[in-house]
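J.: no sequence on this one, just coordinates:
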């Protein structure tokens with residue numbers, strides 16, 4: 001799934017959890033939680049040019065981290081622990097969502113890859129379920145809309161701005177997704193050697 005969908009899913013879960021908290025919760029918690037879960041939703045995809053869906057994708061370990069840090073944040077409610085708990089929550093959700101999308105390939109709608117996300121605990125790749133056939137698919141954009149539109153009515157001004165930007169990026173990416181797959185190999189072909197050394201093989205597919 002595309003990155004805006006991950007961010008919107010993280011914000012939706014974070015906002016739902018905040019709604020369950022008692023009224024005496026610290027005033028700083030809301031902002032820390034939403035910033036943390038949004039950052040965590042982005043974190044795994046920072047490995048896109050270095051072992052994508054493996055280097056920073058930990059579908060099991062992030063979940064364990066949420067449990068451990070979440071308990072610590074409940075016992076010692078500090079901004080740092082709360083932020084870390086929500087960062088891990090966003091990252092865990094991201095990695096779990098990747099399993100339900102397409103495979104790790106330039107044109108995932110072709111269904112040629114059996115790699116969705118790497119399971120470091122079992123030491124193997126998990127296969128894609130393809131409920132959302134590829135990032136930027138119509139179903140992906142629809143999911144982003146279902147997650148994002150309600151947030152425009154429940155978040156504050158800054159949160160609504162982030163959601164609106166995410167939705168705008170989602171629409172643009174969905175419209176261009178297939179064209180970008182055809183354009184990538186041509187762009188890589190003209191890139192200098194020092195740059196192409198960091199480009200994943202899938203971007204050379206034709």
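T.: Cool, got the structure. Since we're looking at a predicted model, the values are computed, not measured. Residues are numbered from 1 along each chain as shown.
J.: switch to C-alpha atoms for all contacts and neighbour counts from now on
T.: OK.
J.: ramachandran coordinates for the residue of the chain positioned farthest from its centre?
T.: Distance from the C-alpha centroid of the chain, by C-alpha atoms, centre = their mean, peaks at residue 24 (30.8 Å). In terms of degrees, to the nearest 10, the main-chain angles of residue 24 are phi -90, psi 10.
J.: that one and residue 141, how far apart?
T.: Per C-alpha to C-alpha, to the nearest Å, residue 24 is found 37 Å from residue 141.
J.: so in this structure, where's the weakest helix or strand by average pLDDT?
T.: Least confident helix or strand, the chain: helix 193-196 with a mean of 60, by mean pLDDT, DSSP states H and E.
J.: just give me the longest helix of this protein.
T.: In the chain, with assignment by DSSP state H, the single longest helix is helix 157-189.
J.: okay, now residue 52: neighbour count?
T.: Counted with other C-alpha atoms under 10 Å, residues neighbouring residue 52 total 18.
J.: same check on residue 129?
T.: Residue 129, neighbours per other C-alpha under 10 Å, totals 15.
J.: that one contacts residue 99, correct?
T.: Yes: with contacts counted by C-alpha atoms under 8 Å, residue 129 reaches residue 99, the gap being 6.2 Å.
J.: need the contact list for residue 133.
T.: Shown in contact with residue 133 (C-alpha atoms under 8 Å, 6 or more residues apart in numbering): 101, 102, 108, 109, 139.
J.: show the pLDDT at the fourth one.
T.: In other words, residue 109. Confidence at residue 109, expressed as pLDDT, is 91.
J.: now do the second one
T.: What the model reports as pLDDT for residue 102 is 92.
J.: over to the last one?
T.: According to the predicted model, the pLDDT of residue 139 comes to 97.
J.: not counting sequence-adjacent ones, nearest residue to it?
T.: Spatial nearest neighbour of residue 139, chain neighbours left out: residue 132 (6.0 Å); criterion: C-alpha to C-alpha, 6 or more residues apart in numbering.
J.: report the separation between the one you found and residue 68.
T.: Separation of residue 132 from residue 68 (C-alpha to C-alpha): 31 Å.
J.: out of the two, which sits in the busier spot?
T.: Neighbours around residue 132 and residue 68, counted as other C-alpha under 10 Å, are more numerous at residue 132. The numbers are 22 against 12.
J.: what mean pLDDT would you report for the helix or strand harbouring residue 85?
T.: Assigned by DSSP states H and E, residue 85 belongs to helix 79-99. Averaged across helix 79-99, pLDDT comes to 96.
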